[in-house]
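K.L.:
please find the sequence and the predicted model below.
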Amino acid sequence: MSASTAAEELAAIRSLDAVPSERVSTLWDSLEPARVGDIAGSRWRGTGLDTGHPMFGMLGGMRWWGKDFRDPRKVDPILVTDDSGEVVPDTSATGGGGASLWEVSFRGRPCASMVYDRLPVIDHFAVVDSGADGRPVTLLAVMNGRGTVRDGEHFWFLLERDDPR
């Protein structure tokens, strides 16, 4: 699928009140896997896709903002908006740990993946679209690991580059 077609399909998915998981996984399969070097060094704004997965409501309740991939081995996996409106790391949901970026296979293809330090969870990333510099601007992401799959469904979310450093 071309980048413009992928972006159009993502826009159509985002316009839905209830997002079918099958439609998101079909989009995932059409995208190029993200690479660690393409996403490290940037902060990313997150948005959940409401497929009915309970993680969607949980992240909203914590005021989830996104992720900060400062470098491949130093990641703040959960950024939230605090009471003053500042974006800050929150390790309360991660068992006190951070994360790191590795290349791990998901659905048969290696891709940039965020491995939590203290949770049996891995987030995998694919590129929806890229900027003029060729670096990804929008990522489709999926949470995978023990306790994250509900009724056979993964939690899907988006990340949009916030600050190209």
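P.N.:
Structure received.
K.L.:
now for residue 62, how many residues are close by?
P.N.:
Neighbour count of residue 62, defined by other C-beta atoms under 10 Å: 14. Heads up, the C-betas are built off the backbone N, CA and C, glycines and all.
K.L.:
ditto for residue 95
P.N.:
If we define neighbours as other C-beta under 10 Å, then residue 95 has 10 of them.
K.L.:
nearest residue to it other than its sequence neighbours?
P.N.:
Excluding its sequence neighbours, the residue lying closest to residue 95 (C-beta to C-beta, 6 or more residues apart in numbering) is residue 118, at 3.6 Å.
K.L.:
residues touching that neighbour, list them.
P.N.:
Taking C-beta atoms under 8 Å, 6 or more residues apart in numbering, we find residue 118 in contact with 94-97.
K.L.:
how about the residues you listed in a markdown table, adding pLDDT?
P.N.:
Listed next are the contacts of residue 118 as a markdown table, based on pLDDT from 0 to 100:
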| residue | pLDDT |
| --- | --- |
| 94 | 86 |
| 95 | 85 |
| 96 | 88 |
| 97 | 89 |
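K.L.:
residues contacting the longest helix seen in the chain, please?
P.N.:
Scanning the chain for the helix with the most residues, using DSSP state H, yields helix 3-14. The list of residues contacting helix 3-14 from outside it, by C-beta under 8 Å, 6+ apart, reads 1, 19, 23-24, 27, 30-31, 47, 49, 128-130, 138, 140, 158.
K.L.:
do a quick rundown of the strands in the protein.
P.N.:
Per DSSP state E, the chain carries strands over the ranges 32-33, 42-48, 64-71, 74-81, 87-89, 99-106, 109-116, 121-130, 136-145, 155-164.
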